[in-house]
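**Student:** Fold the following and give me the result.
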Amino acid sequence: MSAILSIDQGTTSSRAILFSAAGKILDAEQKELTLHYPHKGWVEQDANDIWKDTLHCCETVIKDAADITAIGITNQRETTIIWDRDTGAPIYNAIVWQDRRTADMCVRLKEAGHEEMLRAKTGLLLDPYFSATKIAWILDNVDGARARAEAGTLAFGTVDCWLLWKLTNGAVHATDITNASRTMLYNITAQEWDEELLALFNIPRSLLPDVKDNAADFGTAHICGHDIPVTGMAGDQQAALIGQACFKPGMVKSTYGTGCFALMNIGGEFRASQNRLLTTVAYRLSGEITYAIEGSIFVAGAAIQWLRDGLGVINSAPDSEALATSVDDNNGVYFVPAFAGLGAPHWRPDVRAVIAGLSRESTKAHIVRAALEAQAYQTFDLVRAMEEDGQADIQTIRADGGLVANEFMCQFLADIVARPVDIPEISECTALGAAYLAGLQAGLYKDLDDIAGHWKMAQNYQPTMSYTKRSELLNGWESALDMLLRNEPQR
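**Tutor:** Numbers count the residues shown, from 1 in each chain. This is a model prediction of the structure:
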């Protein structure tokens, strides 16, 4: 039986999942990944740990597998790694997408009037979230890095590119168009690295990888004595869009992992958001591009992780549901989880999390409930912005990620966004999307319609909350947001 190995390298863990051609999980291995916080607002990982953990997971699932046709790779996007082309050694830790150290650089560039040009080329906004300012920081702060980069001896890559380099023993330096589109250096209408942007950030062209379609021949991986073609690659959110089979304009997926990311397929025409959402590449197949509007929320499941590890109010993530439903309501408590600033549609890297509305009657159950409710409020903000953009009429939301195991969160989400929420039968949509891309290039699937035929719904949540109650809750959320934004002046 043909199988596809999907590498899913995320913010908090590295995973390898073996899928059948029918999309069924045959085997899986996961290893947690350590995040480092050397200074306030800084978030780093050891790039060598990313590779070692990923290799361990792959070797574990490969050793008993009979026939692996191809490999697909999906990854945490924007996380930035620079390494020596000769030795393969990273010159600095991976700077994670959540990192805020370049916030002041983004402010200066914005004040200099560069954001509109950048948005027209990349679909993005000036924010430390993206890779370009992270690359510039490494070149300017690691001894000798800029001279080495200009001499062509260094390579840059997002995590997909780094893993591909390691899997092919340094033979291939390439990325896919979705990851390239998140660097703030790639022109997504001309579909090429942009010289004006490279000059703006003072980044040598020699650092950058080749850019391929999402289903393509990326090279041959050498694992456990096996030579396996890598034929699919996409950033995690685009991979989830594919895993959720959102192939028609207007279809929306929302993934609740470390952060929350809602993507809406808008078809083959680039259209800039008028409500501070992002336009990004959804996928490119056989040279034909499809775009998406994206809303990026930096903290979703990470808030539950903080309640567990930071406050110790729960022992495990699943405990959050029982605690949240042990009280009748939030008792006026609202949790804005801006640990890494606010993403779309606010784009305020300077603000930090707040829990509002605490009273003497407040308990840990109310705080946990507020953390889960926040996922719905944040999604509502994104959906409202998408609607105001007039991009499409959103009929339903296909949701995935670790938090969709929480039935309270899913029902509250349906109630607040006032739309049905569909949960797929295969919950590992990100890894599945990478597998689909690899299988498409390898000939296991005919086309996107063939892939869409595999999607099946496991659970459907219908909105049941009254208009009055929903409005009351949303007003409370808006008040908490206003308080945060008003009291934290933008730098």
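
**Student:** all helices of the stretch 201-350 of the chain, in order?
**Tutor:** 236-243, 301-306, 319-324 (DSSP state H, counting those that start in this stretch).

**Student:** tell me the most buried of the ones you listed?
**Tutor:** Ranked by mean neighbour count, these are led by helix 236-243 with a mean of 31 (mean count of other CB atoms under 10 Å). For every residue, glycine as well, the C-beta is placed using N, CA and C.

**Student:** Return the distance of it from the chain's centre.
**Tutor:** In terms of CA atoms, centre = their mean, to the nearest Å, the gap separating the centre of helix 236-243 from the centre of its chain is 9 Å.

**Student:** What average pLDDT does it get?
**Tutor:** Averaging pLDDT along helix 236-243 gives 94.

**Student:** cool, stretch 423-439 as well?
**Tutor:** So the average pLDDT for stretch 423-439 ends up being 93.

**Student:** start at 363 instead
**Tutor:** All set: I'll call the first residue 363, so the last point we hit is now stretch 785-801.

**Student:** Let's have the helices of the stretch 563-712 of the chain in a markdown table, adding distance to residue 710.
**Tutor:** A markdown table is the format used below for the helices of the stretch 563-712 of the chain (distance: least, CB to CB, whole Å):
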| stretch | distance to residue 710 |
| --- | --- |
| helix 598-605 | 21 |
| helix 663-668 | 17 |
| helix 681-686 | 26 |
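
**Student:** Indicate which one of those is closest to residue 694.
**Tutor:** Residue 694 lies closest to helix 681-686 among the helices of the stretch 563-712 of the chain, at 15.1 Å (CB to CB).

**Student:** follow-up on the earlier one: looking at the helices of the stretch 563-712 of the chain, which is closest to residue 838?
**Tutor:** Among the helices of the stretch 563-712 of the chain, the nearest to residue 838 by CB to CB is helix 681-686 (16.2 Å).

**Student:** Packing partners of the closest one?
**Tutor:** In terms of contacts (3 or more CB pairs under 8 Å, 6 or more residues apart in numbering; DSSP states H and E), helix 681-686 is packed against helix 726-751, helix 769-779.

**Student:** outside of it, which residues touch it?
**Tutor:** Residues outside helix 681-686 that contact it (CB atoms under 8 Å, 6 or more residues apart in numbering) are 666, 669-670, 675-676, 726-727, 730-731, 733-734, 768-771.

**Student:** pLDDT at residue 502, what is it?
**Tutor:** On the pLDDT scale, residue 502 is placed at 96.

**Student:** actually residue 667, not the one I typed
**Tutor:** 87.

**Student:** before we move on, back to that, weed out the non-buried ones from the contacts of helix 681-686.
**Tutor:** 666, 669-670, 675-676, 727, 730-731, 733-734, 768, 770-771 (16 or more other CB atoms under 10 Å).

**Student:** rewinding a little: which of the helices of the stretch 563-712 of the chain sits closest to residue 813?
**Tutor:** The nearest among those, by CB to CB, is helix 598-605 at 7.4 Å.

**Student:** about what we covered before: and the helices and strands packed on helix 681-686, which one is worst for confidence?
**Tutor:** helix 726-751 has the lowest average pLDDT among the helices and strands packed on helix 681-686, namely a mean of 91.

**Student:** What angle do helix 769-779 and that helix make with each other?
**Tutor:** 40 degrees (axes from the mean of the first three to the mean of the last three CA atoms, to 10 degrees).

**Student:** now what about the helix or strand just after helix 726-751, what contacts it?
**Tutor:** Using DSSP states H and E, the helix or strand that follows helix 726-751 in sequence is strand 759-762. Outside of strand 759-762, the residues within contact range by CB under 8 Å, 6+ apart are 602, 605-606, 608, 613-618, 624, 741, 745, 772, 775, 779, 781-786, 789, 791-792.

**Student:** so how far is strand 759-762 from its chain's centroid?
**Tutor:** Distance, centroid of strand 759-762 to centroid of chain: 14 Å (CA atoms, centre = their mean).

**Student:** Neighbours of residue 837, how many?
**Tutor:** 10 (other CB atoms under 10 Å).

**Student:** same thing with the one 5 residues further on?
**Tutor:** Using other CB under 10 Å, residue 842 is surrounded by 22 other residues.

**Student:** Farthest from the middle of the chain: give me that residue.
**Tutor:** residue 722 (37.7 Å; CA atoms, centre = their mean).

**Student:** Residue 422 belongs to a helix?
**Tutor:** Yes. Assignment of residue 422 by DSSP: H, G, I helix; E, B strand; the rest coil places it within a helix.

**Student:** and the helix or strand of the chain at the bottom of the mean pLDDT ranking, C-alpha only, in CSV?
**Tutor:** Sorting the helices and strands of the chain by mean pLDDT, DSSP states H and E puts helix 663-668 at the bottom, at a mean of 86. Extracted C-alpha coordinates of helix 663-668, given in CSV (Å, rounded to 0.1, in the frame of the first residue of the first chain):
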residue,chain,number,x,y,z
GLY,A,663,-3.8,27.5,22.2
ALA,A,664,-0.8,29.3,23.7
ALA,A,665,-3.2,31.0,26.1
ILE,A,666,-4.4,27.6,27.4
GLN,A,667,-0.7,26.5,27.6
TRP,A,668,0.0,29.6,29.7
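
**Student:** what residues does that helix touch?
**Tutor:** Counting by CB under 8 Å, 6+ apart, 374, 618-621, 676, 679, 682, 697, 699, 701, 733-734, 736, 763-765 sit against helix 663-668.

**Student:** List buried residues within the contacts of strand 759-762.
**Tutor:** By 16+ other CB under 10 Å, the contacts of strand 759-762 give 602, 605-606, 608, 613-618, 624, 741, 745, 772, 775, 779, 781, 783-786, 789, 791-792 as buried.

**Student:** Quick one: buried ones out of the contacts of helix 663-668?
**Tutor:** 374, 618-621, 676, 679, 682, 697, 699, 701, 733-734, 736, 763-765.

**Student:** Just the ones of those in strands?
**Tutor:** The strands, defined by DSSP state E, take in 618, 697 from the buried ones among the contacts of helix 663-668.

**Student:** Could you give the separation of stretch 446-464 from the chain centroid?
**Tutor:** For stretch 446-464, the distance to the chain centre is 18 Å (CA atoms, centre = their mean).

**Student:** Ends of it, what's the gap?
**Tutor:** One end of stretch 446-464 sits 23 Å from the other (CA to CA, to the nearest Å).

**Student:** ok, now which ones touch the closest residue to residue 739 other than its chain neighbours?
**Tutor:** Nearest non-adjacent residue to residue 739, counting by CB to CB, 6 or more residues apart in numbering: residue 839, 4.3 Å away. Applying CB under 8 Å, 6+ apart to residue 839 gives the contacts 696, 736, 739, 742.

**Student:** okay if I get those residues as a markdown table plus distance to residue 707?
**Tutor:** As requested, the contacts of residue 839 are arranged in a markdown table below (distance: CB to CB, whole Å):
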| residue | distance to residue 707 |
| --- | --- |
| 696 | 18 |
| 736 | 15 |
| 739 | 13 |
| 742 | 11 |
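
**Student:** for those, which one is nearest residue 629?
**Tutor:** The closest of those, once distances to residue 629 are taken by CB to CB, is residue 742, at 24.3 Å.

**Student:** what's the burial count for that closest one?
**Tutor:** Counted with other CB under 10 Å, residue 742 comes out at 19.

**Student:** same question, residue 629
**Tutor:** 16.

**Student:** and it, what is it in contact with?
**Tutor:** 611, 652-653.

**Student:** If we use 6 Å, what do you get?
**Tutor:** residue 611 (CB atoms under 6 Å, 6 or more residues apart in numbering).

**Student:** what about it, distance to residue 482?
**Tutor:** Using CB to CB, to the nearest Å, one gets 19 Å for the distance from residue 629 to residue 482.
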